[in-house]
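Asker: Kindly return the folded structure for what I paste below:
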Amino acid sequence: MSELPRGIIKARIKLMLNEPYLASAIARFPVVNAIDSDWCETMATDGYYIYVNPEFCVNLTTDEIAFIFAHEVMHCVLGHIDRRGGKDSELWNQAIDYATNLMLVEIGMTMPKVGLINKKYRGMTAEDIYSKLIEENKVKLQNEKDEVVGWDLHISPNDLRGQSVRSQGFPTVEERRRIRVSITKSLADKMRGNFPGLFESEIQQAQGGHLPWRTLLSRFFTGLRRDDYRLIPPNKKHIWRGIYLPSIGTPGPSHLVVAVDTSASMSDQLLGDVLGELDKLRSVTECTITLIQCDTVIQKVDEFDAFNETKFDRYSFFGRGGTAFEPVFDWIGCKAQSSLLQFDALIFVTDGFGSFPAKPPSYPVMWIMTENSRPDIPFGEVIRMGKDQRAYC
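Answerer: Numbers count the residues shown, from 1 in each chain. A predicted model of the protein is given here:
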């Protein structure tokens with residue numbers, strides 16, 4: 001790797017002197033001169049390495065270079081690359097840039113004239129902003145030249161572009177988390193009010209603490225991957241090299257069964273909130289949903305394909321009796337046995353106080369449990385919702 005130009009080194013040192021609470025973080029993440037690459041036109045990060053194209057910095061002031069350096073460092077400190085999970089990469093890249101730029105501006109740093117910033121996202125985590133971008137259907141934020149506004153590129157740790165220019169090893173996911181925990185603890189001790197309150201939520205996310213239930217649901221949802229190989233769209237990881245390979249399907253399931261407990265202990269608002277979130281995920285991943293309402297018996301079954309318009313905010317729930325989970329599993333078993341149902345997983349929204357099947361099923365099950373729900377769930381993954389809308393796995 002070639003040395004960085006003196007002007008870039010000067011900006012990095014100035015950043016460490018002006019923002020001393022960031023100094024250890026700035027020194028911790030290695031910087032790579034990527035001028036010889038054909039993909040890094042500005043700056044980039046993979047969550048650990050920071051890549052710099054010196055030609056991009058020629059027309060920037062020292063303060064502007066320092067700001068963008070701080071921007072990349074904060075992506076690493078807050079684990080933004082690792083937190084993406086199965087989210088849409090373009091929208092997530094926009095969300096983390098909004099969150100990072102707002103944070104740096106609030107501590108008094110001067111942001112370059114071009115960049116993503118909007119005060120309406122103030123006080124929101126990257127996950128919150130991502131959800132807003134989906135709601136607003138902002139697939140692309142463009143400037144007059146029809147280009148996405150921003151300076152940097154975010155790539156995954158296993159992206160061949162990063163591997164081609166870095167010479168050292170890359171820490172594992174757990175090692176990266178430990179690095180973040182160490183750095184954020186040090187930052188918390190040194191910041192003394194320099195960072196806005198939002199930083200506390202971002203730190204908790206970076207350290208792998210309790211996450212919003214929507215985030216955990218998204219991870220489960222997009223972790224289910226269709227296993228068909230497709231040439232359209234091709235594998236994006238290799239397009240930059242001029243190689244077109246099949247992609248492994250689409251992130252997310254093709255068909256989900258969602259069961260909602262419509263007993264008297266479940267509120268319409270809570271059920272509507274969860275179904276609304278599932279609907280957003282359904283539209284992004286082009287997934288069909290079979291929705292089952294059940295108290296002690298199945299009350300109603302609806303199916304929504306990827307392109308159906310749904311209005312879960314005005315959806316009517318039927319039942320309000322006791323709670324039994326067996327009817328749902330029996331219904332699925334009957335349909336699957338007769339080949340009338342092929343699906344990827346079952347998501348069950350409930351407080352857990354009901355009767356379970358004697359044996360766990362062979363397919364994945366995610367229980368979304370309300371606050372003060374039953375603690376002992378015999379099988380499946382569990383998301384427990386709290387008062388603050390955070391979830392506990």
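Asker: Ignoring the adjacent residues along the chain, who's closest to Ile298?
Answerer: Leaving aside its chain neighbours, Ile298 sits nearest to Pro327 (5.0 Å; criterion: C-beta to C-beta, 6 or more residues apart in numbering). In this view, the C-beta of every residue, glycine as well, is placed from N, C-alpha and C.
Asker: Would you confirm that that neighbour contacts Thr296?
Answerer: Yes: under the criterion of C-beta atoms under 8 Å, Pro327 makes contact with Thr296 at 7.5 Å.
Asker: and Gly7, that's in a helix?
Answerer: Yes: according to DSSP: H, G, I helix; E, B strand; the rest coil, Gly7 belongs to a helix.
Asker: any idea how far it lies from Pro54?
Answerer: Shown here: Gly7 relative to Pro54, a distance of 8 Å by C-beta to C-beta, to the nearest Å.
Asker: Repeat that for Ile26.
Answerer: Counting by C-beta to C-beta - Ile26 and Pro54 are separated by 18 Å.
Asker: Which one's more surrounded, the two?
Answerer: Ile26 (21 against 16; other C-beta atoms under 10 Å).
Asker: So that one: helix, strand or coil?
Answerer: helix.
Asker: quick one: the strands in the protein?
Answerer: Here the chain has its strands, by DSSP state E, at 31-33, 43-45, 50-52, 152-154, 211-212, 229-234, 246-248, 255-261, 288-294, 298-304, 345-350, 365-369, 381-385, 390-392.
Asker: Reformat those as JSON lines; add mean pLDDT and distance to Tyr121.
Answerer: Shown next, in JSON lines, are the strands of the chain (pLDDT from 0 to 100; distance: least, C-beta to C-beta, whole Å):
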{"stretch": "strand 31-33", "mean pLDDT": "91", "distance to Tyr121": "28"}
{"stretch": "strand 43-45", "mean pLDDT": "93", "distance to Tyr121": "21"}
{"stretch": "strand 50-52", "mean pLDDT": "93", "distance to Tyr121": "24"}
{"stretch": "strand 152-154", "mean pLDDT": "88", "distance to Tyr121": "18"}
{"stretch": "strand 211-212", "mean pLDDT": "53", "distance to Tyr121": "15"}
{"stretch": "strand 229-234", "mean pLDDT": "43", "distance to Tyr121": "29"}
{"stretch": "strand 246-248", "mean pLDDT": "46", "distance to Tyr121": "31"}
{"stretch": "strand 255-261", "mean pLDDT": "91", "distance to Tyr121": "30"}
{"stretch": "strand 288-294", "mean pLDDT": "92", "distance to Tyr121": "29"}
{"stretch": "strand 298-304", "mean pLDDT": "92", "distance to Tyr121": "30"}
{"stretch": "strand 345-350", "mean pLDDT": "91", "distance to Tyr121": "29"}
{"stretch": "strand 365-369", "mean pLDDT": "88", "distance to Tyr121": "26"}
{"stretch": "strand 381-385", "mean pLDDT": "79", "distance to Tyr121": "24"}
{"stretch": "strand 390-392", "mean pLDDT": "40", "distance to Tyr121": "19"}
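Asker: among those strands, which is nearest Gly123?
Answerer: Between Gly123 and the strands of the chain, the tightest spacing by C-beta to C-beta is seen for strand 211-212, at 14.2 Å.
Asker: Run through the chain and note the low-pLDDT ranges.
Answerer: Residues of the chain meeting the criterion pLDDT under 70: 1-2, 137-150, 186-216, 218-252, 284-285, 309-314, 386-393.
Asker: Go ahead and flag the most central residue of it.
Answerer: Nearest residue to the geometric centre of the chain (C-alpha atoms, centre = their mean): Arg84, 3.6 Å.
Asker: What sits closest to that residue if chain neighbours are left out?
Answerer: Once flanking residues are discounted, Arg84 sits nearest to Trp92: 4.9 Å by C-beta to C-beta, 6+ apart.
Asker: give me every residue that touches the one you found.
Answerer: 84, 126, 130 (C-beta atoms under 8 Å, 6 or more residues apart in numbering).
Asker: Kindly report the same for Ser283.
Answerer: Here Ser283 is in contact with Ala306 (C-beta under 8 Å, 6+ apart).
Asker: Tell me how far it lies from Ala306.
Answerer: Taking C-beta to C-beta, one finds Ser283 at 7 Å from Ala306.
Asker: again, but for Asn53
Answerer: As judged by C-beta to C-beta, Asn53 and Ala306 stand 40 Å apart.
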